[in-house]
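Colleague: no sequence on this one, just coordinates:
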Ligand SMILES: Nc1nc2c(ncn2[C@@H]2O[C@H](COP(=O)(O)OP(=O)(O)OP(=O)(O)O)[C@@H](O)[C@H]2O)c(=O)[nH]1
Ligand SMILES: Nc1nc2c(ncn2[C@@H]2O[C@H](COP(=O)(O)OP(=O)(O)OP(=O)(O)O)[C@@H](O)[C@H]2O)c(=O)[nH]1
Ligand SMILES: [Mg+2]
Ligand SMILES: [Mg+2]
């Protein structure tokens, strides 16, 4: 990358011709970092448009100019446009005044995504984090399809109950599992869980859902129904850092299917789409972190969390500067 | 999958090539560009695509240099042939995978990244071999993932396949050894060992995999790889190859939209053949895959036919 940037030093007005080989090399570079092809092209196009006609001279080299423009562009894409402070939105909801007699609803959050990306594991990490922050968490086992899905959450709830919180020896009573076994309607279980949480003073309900392929219409309709019926406070898309070009298709279709199908089925949550992302398996890709860029480019929604391993503490906030650095590094 | 899709795109590219009145560098570049774009969109490794492009160019360059003597039609053939050869090269490492033999214990060990479909595929494999008259069973050597043994227990029960595992034993090496010994004694033909998900960045996890391998001495180790994997495919699969020396690859989740180019890169990086494709969450969603028939089928598409004669 560096050698190509260096070819165009000197004082001149940048033309499309000058930029073409540099932008092509940049595109290749982004793809190597696992940015989807489409997104790499669009980002480079944008950088090119911004630079054509600009005068480069004095001490500034083209190499530096292009790098700065790319860095700015990536930073802009990755920087959240809405708040990523989950605790704040939970507390805001829980503390907002209610008309007398009306019972307070818990804050609810749904984890959605394709198969095996880490929804259930990272839901458990989020539960751990919420418990540490003094909140009572109910986990709703709404994956009623995959073998062992309910038991997986049961193990997590048992583990989480045994971890100490704020000086107490364990966090019993701070976390519970709500399950109705297998083969049942996920939307109905979620609804029951929210009611149960309301009656038993839980602050947050985390709804686990079965993994599904974005093209599987019956399954996408079922997910949209869960969203429409329960109108969760947050719909979190879970995607893995390992994913390549599919990142674009997954997010586009999950968002669209949720909006379209939930609108059709009515309910309070009709027309809802993805509110944010959780990017898992960050620890498996070294500096090939381009999926984060693809995901935010497609949705314009923020990455709320990053999953960095298989234990409860492996949950981080996205550090935009670090991601930009990793993507730009040779 | 990526090649089926490529078959179509290649056809389109080649037919515009055959319509071109003259075959000059520009036309060849355009053809290559189209093919490479399709590969990149399918998640084939970026460096691999660049080298494919370079190799084809070198091969056809000779024919361009002697432009006077070589006819356009001939040149088209050279382009087609070299492109095709390189594509075949990608998916066919020319290695025969292990074939289970009846009447003896065939131990198959599944390894791979987290969540790529190992446990699901183990049951599918057991069902597949059971149907073909092999007495099959599963050993759950995943003591790490929450609910792992319940997952195996439930899906093996559904599939009516014997299984072994433990809720209390925490050492996967011990479980693997016990399970395989037990099933060998009971004269099972196909013994499938499921392991935890792992990744190259955690060397302890890789060591554990090596130890399980030493304990069960698999006849065949299989890398289970998700079709949606992007540019991390090469480094991860290479690392698994170095530590576990897998002899076959199964690409899962091919029922989705993913083209599986990452898996193709893993084939190229490790010179290991794909033997099955996972095509759904149900027990029978498993398709046999072998490169040769697949390529022949690809060849059956329209203009590709002519290439058979070379
Ligand atoms: N290395 C690593 N592994 C992870 C991370 N998050 C989850 N995993 C692993 O990924 C695998 C799949 O995780 P699950 O939580 O079961 O995934 P899921 O999306 O709920 O899967 P389905 O419900 O079957 O669709 C497990 O082995 C997890 O331990 C992460 O951040 N890093
Ligand atoms: N659509 C589809 N889903 C699949 C396929 N194979 C596996 N899955 C799903 O992928 C998810 C993960 O599968 P598992 O078998 O648990 O993966 P694993 O590799 O054993 O996961 P770990 O043990 O946590 O590393 C589950 O939701 C499976 O149902 C497939 O071919 N198609
Ligand atoms: Mg799950
Ligand atoms: Mg497993």
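Modeller: Great, that's in hand. These figures come from a predicted structure and were not determined experimentally. Ligands and ions are numbered 1, 2, ... in the order given.
Colleague: which element is residue B:262 on?
Modeller: helix B:261-270 (DSSP states H and E).
Colleague: Tell me which other helices or strands that helix touches.
Modeller: Helix B:261-270 sits against helix B:2-19, helix B:72-91, strand B:220-226, helix B:233-244, strand B:248-252, with contacts defined as 3 or more C-beta pairs under 8 Å, 6 or more residues apart in numbering or on different chains; DSSP states H and E. Heads up, the C-betas are built off the backbone N, CA and C, glycines and all.
Colleague: Present the ones you listed as CSV; the columns should include mean neighbour count, mean pLDDT and distance to residue A:135.
Modeller: Conversion of the helices and strands packed on helix B:261-270 to CSV gives the following (neighbours: other C-beta atoms under 10 Å in any protein chain shown; pLDDT from 0 to 100; distance: least, C-beta to C-beta, whole Å):
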stretch, mean neighbour count, mean pLDDT, distance to residue A:135
helix B:2-19, 18, 76, 45
helix B:72-91, 19, 81, 51
strand B:220-226, 26, 98, 34
helix B:233-244, 21, 98, 36
strand B:248-252, 27, 97, 37
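Colleague: between these, which gets nearest to residue B:56?
Modeller: helix B:72-91 (4.9 Å; C-beta to C-beta).
Colleague: between that closest one and helix B:2-19, how big is the angle?
Modeller: Per axes from the mean of the first three to the mean of the last three C-alpha atoms, to 10 degrees, the angle that helix B:72-91 makes with helix B:2-19 is 170 degrees.
Colleague: helices and strands around helix B:72-91, which ones?
Modeller: helix B:2-19, helix B:25-41, helix B:46-65, helix B:261-270, helix B:291-299.
Colleague: tell me which element the closest residue to residue B:166 other than its chain neighbours falls in.
Modeller: The shortest distance from residue B:166 to any non-neighbouring residue, by C-beta to C-beta, 6 or more residues apart in numbering or on different chains, is to residue B:175 (5.6 Å). If you go by DSSP H and E, residue B:175 is part of helix B:172-185.
Colleague: ok, now residue A:228?
Modeller: Element membership of residue A:228, judged by DSSP H and E, is helix A:217-230.
Colleague: relative to helix A:217-230, how tilted is the longest helix belonging to chain A?
Modeller: Counting by DSSP state H, the longest helix found in chain A is helix A:246-265. Angle between the axes of helix A:246-265 and helix A:217-230 is 60 degrees (criterion: the same axes, to 10 degrees).
Colleague: how far out from the middle of the chain is helix A:246-265?
Modeller: Offset of helix A:246-265 from its chain centre (C-alpha atoms, centre = their mean, to the nearest Å): 14 Å.
Colleague: So for it, what gets flagged as buried?
Modeller: The neighbour-count check on helix A:246-265 (16 or more other C-beta atoms under 10 Å in any protein chain shown) flags A:246-251, A:253-255, A:257-259, A:261-262, A:265 as buried.
Colleague: same check, this time on stretch A:199-208
Modeller: Buried-residue list, stretch A:199-208, by 16+ other C-beta under 10 Å: A:202, A:203, A:204, A:205, A:206, A:207, A:208.
Colleague: follow-up on the earlier one: just tell me which of the helices and strands packed on helix B:72-91 ends up closest to residue B:111.
Modeller: Using C-beta to C-beta, the helices and strands packed on helix B:72-91 put helix B:261-270 closest to residue B:111, at 12.3 Å.
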